[in-house]
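**Q** Take this sequence and fold it.
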Amino acid sequence: MTAAENVCYTLINVPNDSEPPSEVSLKTDLEKGEIKAKTEALKKVIIMILNGEKLPGLLMTIIRFVLPLQDHTIKKLLLVFWEIVPKTTPDGKLLQEMILVCDAYRKDLQHPNEFIRGSTLRFLCKLKESELLEPLMPAIRACLEHRHSYVRRNAVLAIYTIYRNFENLIPDAPELIHDFLVNEKDASCKRNAFMMLIHADQDRALDYLSTCIDQVHTFGDILQLVIVELIYKVCHANPSERARFIRCIYNLLQSSSPAVKYEAAGTLVTLSSAPTAIKAAAQCYIDLIIKESDNNVKLIVLDRLIELKEHPTHERVLQDLVMDILLSSRNVEELVIVLKKEVIKTNNVTEHEDTDKFRQLLVRTLHSCSVRFPDMAANVIPVLMEFLSDTNEAAAADVLEFVREAIQRFDNLRPLIIEKMLEVFHAIKTVKIYRGALWILGEYCSTKEDIQSVMTEVRRSLGEIPIVENEIKKESGEGKPEEEVSAAPAAKLVTEMGTYVTQSALSSSRPSKKEEDRPPLRGFLMDGDFYVAASLATTLTKVALRYVAIVQDKKRQNSFVAESMLIMATILHLGKSSLPKKPITDDDVDRISLCLKVLSECSPLMNDIFNKECRKSLSHMLTVRLEEEKLSQKKESEKRNVLVQADDPISFMQLTAKNETTSKEDQFQLSLLAAMGTTLKKEANDPMASKLNKVTQLTGFSDPVYAEAYVHVNQYDIVLDVLVVNQTNDTLQNCTLELATLGDLKLVEKPSPLTLAPHDFANIKANVKVASTENGIIFGNIVYDVSGAASDRNCVVLSDIHIDIMDYIQPASCTDAEFRQMWAEFEWENKVTVNTNIADLNEYLHHILSSTNMKCLTPEKALSGFCGFMAANLYARSIFGEDALANVSIEKPIHLGPDAPVNGHIRIRAKSQGMALSLGDKINLSQKKTSA
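**A** Numbering: from 1, shown residues only. You can find the predicted model right below:
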C-alpha cells in the first residue's frame with residue numbers, strides 16, 4: 001500500500017531549509033532541556049520519523065523524561081508521536097515499552113482535565129493494536145458518564161471505532177450506546193451516538209427514531225442531518241418503509257438549518273415522485289436561493305432545480321414556482337421587471353471585471369424573453385437602447401442584435417425604436433455599433449421627418465464639411481499661436497489635386513484636446529476606419545431614394561440627394577488625402593462610388609435592390625435562425641422524454657429480488673466515493689471499452705521482470721496500477737519502479753521498493769498530477785538486486801506510456817461573437833495540412849469531430865449540399881477551463897476524379913502552446929480512416 005492510499009489524520013508543515021539534527025543532541029534535549037527545548041526536540045523527532053528515520057534509541061528516553069510531563073503542548077505532540085512511531089518488533093509482536101505507554105494513557109483517561117481526556121480518546125480512535133486497547137476499555141466506558149460533553153462525544157467515537165475494528169473488545173457497544181443516547185441531552189453527543197448506531201446496528205437506530213419521530217423538528221441541525229441520512233439509507237434498501245418516514249422528511253423541510261433543508265429536499269425527491277413531493281422540494285430549493293447570500297450555494301441549488309426541471313413529468317409541477325428556469329406567459333412580466341432592475345443597477349455600479357459579463361447575460365436574457373413574448377418588448381427596448389452608448393462593445397453588440405431583430409419582427413414598435421435610436425445615436429462610442437445603428441436607421445426610417453432627422457444626426461456626427469478644408473483650417477488656426485516660426489499659409493499645404501503634401505510642424509505639435517473635440521464619425525474617419533464610411537454611403541443612398549419616393553417637391557428631392565452625394569464625395573476626398581492615419585481601401589472606394597452612381601441615375605432596379613432585397617435577406621436569416629432554435633429545442637425535449645418500448649419488461653417492486661431493487665445508486669455512498677476520488681464509473685457494454693483496453697504493456701515476455709500498467713485517468717490526476725511479475729527463479733530485492741514524466745505532468749510520490757519471491761507478483765501504484773491539457777509521456781525503468789548475487793543493480797527499461805489529450809477535452813458551445821473574439825485573442829496557432837484517404841467532405845468533418853471531441857458550431861444547414869468545398873468552426877473546452885478553437889477549410893479536388901481524397905487545412909488556435917500542438921498532433925494521427 002503506497003503512502004497516497006494510507007488514511008492521513010494529521011498534516012505537519014516542514015520548513016525545507018531545516019537540517020536534521022543528530023540523535024545525540026535530540027537525546028540531550030529530551031533528557032535535560034527545559035519544556036520549550038523538549039517541545040522543539042519532540043517536533044524534530046516526529047518529522048524525522050515521518051521522513052523514514054528509525055530512532056529506536058529515543059523511545060525509552062521519551063517514555064522516561066517526556067511522557068510524565070503535564071504540559072498540554074507536550075501531551076498533544078505525544079499523541080502524534082505515538083500515532084506514527086513503530087509499536088511492534090519486526091516479527092509483529094508488541095514492544096515491551098508499550099506497556100508503560102498504555103499505563104500512561106490509562107491515567108490520562110482518568111485525568112481531571114476534560115481536554116486531556118477528550119484528546120486522548122480521539123487518539124485511541126487511530127490505534128490499530130488491540131493489545132494496547134484492551135486494558136483501557138474500563139476507563140473508556142467510564143468516560144461516557146463524564147460531566148463534560150467534549151469527553152462524552154469523543155468517548156462515543158472511540159467506542160465506535162474500537163467496535164468496528166475489534167468487536168470482541170466491546171461486544172455490547174450498540175446496546176451501551178443506545179442506552180446512552182436515550183438519556184443524553186447534548187446535541188453533539190447524540191449526533192455521534194446516533195451515527196454509530198446507523199453504521200453498527202441500524203435496527204436500534206430505527207427503534208430510537210420511532211420513539212422520538214414527532215420531536216425530530218426540535219433537534220439540533222447536526223442530529224437532523226444524520227436522521228435524514230438514516231431515512232434515505234433505510235428507504236433505499238427497503239422501499240416499503242417510505243410511508244413510515246416520509247412525513248418526517250416533510251417536517252424537516254421546515255428546519256431552520258439551510259443544510260438540513262437542502263438534504264431533506266434531495267432525499268424527498270429520491271424517495272417520492274408524487275407532484276406534491278416535487279412541489280415541496282422545489283419550494284424548499286427556491287427558499288434557499290432567495291435567502292442564501294453565498295453565490296456558490298445558489299449555484300449548487302440551481303443545479304438541483306435544473307435537474308428537477310429536466311424530468312418531463314416534473315416540468316408542469318414546477319411552472320408556477322421556478323420563474324427563472326421555466327418561463328411562461330404567467331410569469332414573464334415579473335421576470336422582465338426583475339431583469340430591468342438588475343440592468344439599471346449595473347449602470348450605477350463601479351466597473352468590475354465581471355460587471356460587463358453580467359450585463360451581457362442580462363441583455364441576452366431580455367432578448368430571448370422579448371422574442372418569445374412580444375408584448376414585453378415595448379417595456380424592454382427603452383432600457384436596453386441606453387447600452388448602445390456603452391463602452392463595452394460586447395454588451396452593446398448584443399443590444400444592437402436584439403434591436404435589429406425586434407424592429408424586423410414587430411412593426412408596431414418601429415416608431416419607438418427609431419425615436420430611441422436617434423436619441424442615443426450621437427453618444428455611440430464604438431465604430432462597430434455605429435455601423436449597425438446606421439444600417440438600422442437607413443433600413444427602417446420611412447417617414448419624411450425620420451429621414452430628415454437621420455440626415456441631421458449624420459451632419460452633426462460628421463462635423464463641418466468639406467472635411468479636408470475644415471481640418472486644414474483647424475490645423476493652421478490652432479498651430480499659429482504655438483509655433484509662429486514654422487507656421488505657413490494653409491493654401492500652400494494643398495496641391496492642385498487637393499491632397500495634403502507634407503507633415504509640417506503644425507501637425508506634430510497638435511494638442512491632444514483636439515481629437516477629443518471631434519464629432520464621433522469624423523473621429524472614426526480620421527483614424528482610418530473607412531468601412532463605416534461605406535456603411536454611411538449605403539444608408540444615405542437608401543434614405544435618399546426613399547425621400548425621393550415620399551416627397552413630391554423636385555427642389556427638395558434634388559437638395560436632399562445633392563447633400564447625400566456631397567457627404568460621400570467629401571469622404572472620398574478625405575480618404576485620398578494624407579490626413580487620416582490610414583488611407584481608404586479600394587473596396588470602400590468602390591462601394592461609395594457605386595452609391596454615388598445609384599443616386600445620380602435613380603434607376604427602379606437599384607431602388608428595389610437597396611430598399612427591398614436587403615430587408616428580405618434579413619427576414620430570411622431571422623426565419624432560418626428561429627427554425628434552427630425550434631429544431632434544437634425539439635431535439636432536447638425528445639432526448640428528455642422517457643420512451644418505453646412495447647416489448648419492454650414491466651418491473652413490479654414487490655416481486656423483485658433484493659439485489660435488484662437498487663435501481664438508483666446510494667447518493668451518500670456516491671458522494672463519499674467522489675470525495676475519496678474513487679467514483680464508480682459504469683463500464684460500457686462494449687467489451688472493447690473495458691478496463692483491458694487501458695492496459696499498457698511495459699516490458700517484454702522474455703524480460704526477467706514482466707510489467708504492465710492499467711492507466712486510470714481521473715479529472716486532475718492519473719493513477720498507474722503497475723503489475724510487476726518476477727519471471728526468474730531468484731528472489732528480487734529492492735525491486736523499485738522508477739518513473740519520470742515529460743510534459744505538464746508531475747509524479748506525486750516515489751513508489752516504495754518491494755521484495756519479490758521467485759515467480760511472485762505484486763501491484764505498485766503511482767500517482768501523477770496533471771496541470772494542463774497537453775500530451776504527456778511517462779517513462780522509466782525497474783531496478784532490482786538479485787538475492788545472493790555480488791553484481792551491480794539490474795535494470796529493465798520500460799516502454800513509454802502516452803497520455804491522451806482526449807481524456808481532458810470535452811465538446812462545448814459558444815456564440816459566433818465569442819468565437820471570433822477568442823480567435824483574435826489567442827496567440828498560438830497550429831496549421832495542420834489535411835492528409836487523408838477520406839473522399840467525402842462531410843464524412844471527413846464527422847471523422848475529425850469524433851477523433852478530437854470537438855463540437856461543430858457551424859449550423860447543419862450551412863454544411864448541407866455539395867459545392868466542392870467546406871468551411872466549419874469547431875470548439876471544445878478542457879476540464880482545466882482552457883479553450884480550443886479550430887477552423888476546417890477543405891475542398892474536393894473534382895479534377896482529380898470522384899475518388900480523390902479531401903485536401904485543405906485545419907487551423908487550431910489556443911491560449912497555450914501545449915494545447916495547440918497536442919491537438920494538432922492528435923488530428924495528424926487520426927486523419928486517415930482505418931479500414932474495418
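
**Q** what helix or strand does Cys595 sit in?
**A** Using DSSP states H and E, the element containing Cys595 is helix 586-601.

**Q** Would you mind listing the buried residues in that helix?
**A** Judged by neighbour count (16 or more other CB atoms under 10 Å), helix 586-601 contains these buried residues: Asp588, Val589, Arg591, Ile592, Cys595, Leu596, Val598, Leu599. Bear in mind the C-beta positions are built from the backbone N, C-alpha and C, glycine included.

**Q** From these, pick the one nearest Ile428.
**A** Asp588 (19.9 Å; CB to CB).

**Q** Packing partners of the helix holding Cys595?
**A** Contacts defined by 3 or more CB pairs under 8 Å, 6 or more residues apart in numbering; DSSP states H and E place helix 586-601 against helix 531-550, helix 554-576.

**Q** what's it in contact with?
**A** 530-531, 533-534, 537-538, 540-541, 544-545, 561, 564-565, 568-569, 571-572, 575, 606, 610 (CB atoms under 8 Å, 6 or more residues apart in numbering).

**Q** Those, buried ones only, as a PyMOL selection?
**A** Command for PyMOL that selects the buried part of the contacts of helix 586-601, burial taken from 16+ other CB under 10 Å:
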select buried, resi 530+531+533+534+537+538+540+541+544+545+561+564+565+568+571+572+575+606+610
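
**Q** Give the closest residue to Met870 in space, chain neighbours not counted.
**A** Nearest non-adjacent residue to Met870, counting by CB to CB, 6 or more residues apart in numbering: Leu841, 4.5 Å away.

**Q** Hmm, Pro893 and the one you found touching each other?
**A** No: the criterion here is CB atoms under 8 Å, and Leu841 misses it with Pro893 at 11.3 Å.

**Q** what about these two, which has more around it?
**A** More neighbours surround Leu841 than the other of Leu841 and Pro893, with 21 against 12 (other CB atoms under 10 Å).

**Q** before we move on, could you check phi and psi at Val770?
**A** phi -110, psi 130 (degrees, to the nearest 10).

**Q** and it, how far is that from Ile803?
**A** 8 Å (CB to CB, to the nearest Å).

**Q** any residues in contact with both of these two?
**A** Ile718, Leu745, Gly776.

**Q** Am I right that Met195 is in contact with Val226?
**A** Yes: with contacts counted by CB under 8 Å, Met195 reaches Val226, the gap being 5.3 Å.

**Q** how about the helix holding Cys595 as CSV, C-alpha atoms only?
**A** Coordinates of each C-alpha in helix 586-601 appear next as CSV, following Å, rounded to 0.1, in the frame of the first residue of the first chain:
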residue,chain,number,x,y,z
ASP,A,586,-10.2,50.2,-52.7
ASP,A,587,-13.2,48.2,-51.6
ASP,A,588,-14.6,51.2,-49.7
VAL,A,589,-13.9,53.5,-52.7
ASP,A,590,-15.8,51.1,-55.0
ARG,A,591,-18.8,51.0,-52.6
ILE,A,592,-19.0,54.8,-52.1
SER,A,593,-18.6,55.3,-55.9
LEU,A,594,-21.4,52.8,-56.6
CYS,A,595,-23.7,54.7,-54.2
LEU,A,596,-22.9,57.9,-55.9
LYS,A,597,-23.8,56.4,-59.3
VAL,A,598,-27.0,55.0,-58.0
LEU,A,599,-28.1,58.4,-56.7
SER,A,600,-27.1,60.1,-59.9
GLU,A,601,-29.2,57.6,-62.0
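
**Q** Quick one: mean pLDDT over it.
**A** Averaging pLDDT along helix 586-601 yields 86.

**Q** and after it, which helix or strand comes next?
**A** Next helix or strand after helix 586-601 toward the C-terminus (DSSP H and E): helix 604-608.

**Q** what sits up against the one helix or strand Leu919 maps to?
**A** Assigned by DSSP H and E, Leu919 falls within helix 913-926. Applying CB under 8 Å, 6+ apart, the contact partners of helix 913-926 are 743-744, 772-775, 804-806, 809, 828-830, 832, 835, 847-848, 851-852, 878, 882, 884, 886, 906, 908-910.

**Q** Okay, buried residues for that helix please.
**A** Going by 16+ other CB under 10 Å, helix 913-926 has these buried residues: Gly914, Met915, Ala916, Leu917, Ser918, Leu919, Gly920, Lys922, Ile923, Ser926.

**Q** Of the residues you listed, which is the nearest to Cys445?
**A** Ala916 (47.1 Å).

**Q** Compute the distance between the closest one and Ile74, please.
**A** Counting by CB to CB - Ala916 and Ile74 are separated by 57 Å.

**Q** cool, and Ser702?
**A** 59 Å.

**Q** Mind checking which of those two has more residues around it?
**A** Ile74 (17 against 7).

**Q** need the next SSE after the strand or helix carrying the more buried one, C-terminal direction.
**A** Using DSSP H and E, Ile74 maps to helix 72-84. Counting by DSSP H and E, the next helix or strand C-terminal to helix 72-84 is helix 98-108.

**Q** Return the list of helices and strands in contact with that following helix.
**A** helix 59-65, helix 114-124, helix 130-133.

**Q** Next SSE downstream of the strand or helix carrying Met421?
**A** Secondary structure assignment for Met421, by DSSP H and E: helix 414-424. Per DSSP H and E, the first helix or strand lying C-terminal to helix 414-424 is helix 431-444.

**Q** can you give me the helices for the stretch 751-900 of the chain?
**A** 816-825, 841-852, 860-863 (DSSP state H, counting those that start in this stretch).

**Q** Just put those helices in JSON lines and tack on distance to Asn412 and mean pLDDT.
**A** Output for those, formatted as JSON lines (distance: least, CB to CB, whole Å; pLDDT from 0 to 100):
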{"stretch": "helix 816-825", "distance to Asn412": "29", "mean pLDDT": "85"}
{"stretch": "helix 841-852", "distance to Asn412": "43", "mean pLDDT": "87"}
{"stretch": "helix 860-863", "distance to Asn412": "31", "mean pLDDT": "76"}
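
**Q** coming back round to it: which other residues reach the helix holding Met421?
**A** Contacts for helix 414-424 (CB under 8 Å, 6+ apart): 378, 381-382, 385-386, 388-389, 403, 406-407, 437, 440-441, 444-446, 450, 453-454, 457.

**Q** and it, C-alpha only, in CSV?
**A** C-alpha atoms of helix 414-424 as CSV (Å, rounded to 0.1, in the frame of the first residue of the first chain):
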residue,chain,number,x,y,z
ARG,A,414,-40.7,50.6,-35.2
PRO,A,415,-41.5,54.2,-34.4
LEU,A,416,-40.4,53.7,-30.8
ILE,A,417,-37.1,52.1,-31.8
ILE,A,418,-36.3,54.7,-34.4
GLU,A,419,-37.1,57.5,-31.9
LYS,A,420,-34.8,56.0,-29.2
MET,A,421,-32.1,55.2,-31.8
LEU,A,422,-32.0,58.8,-32.9
GLU,A,423,-31.7,59.9,-29.3
VAL,A,424,-28.7,57.8,-28.5
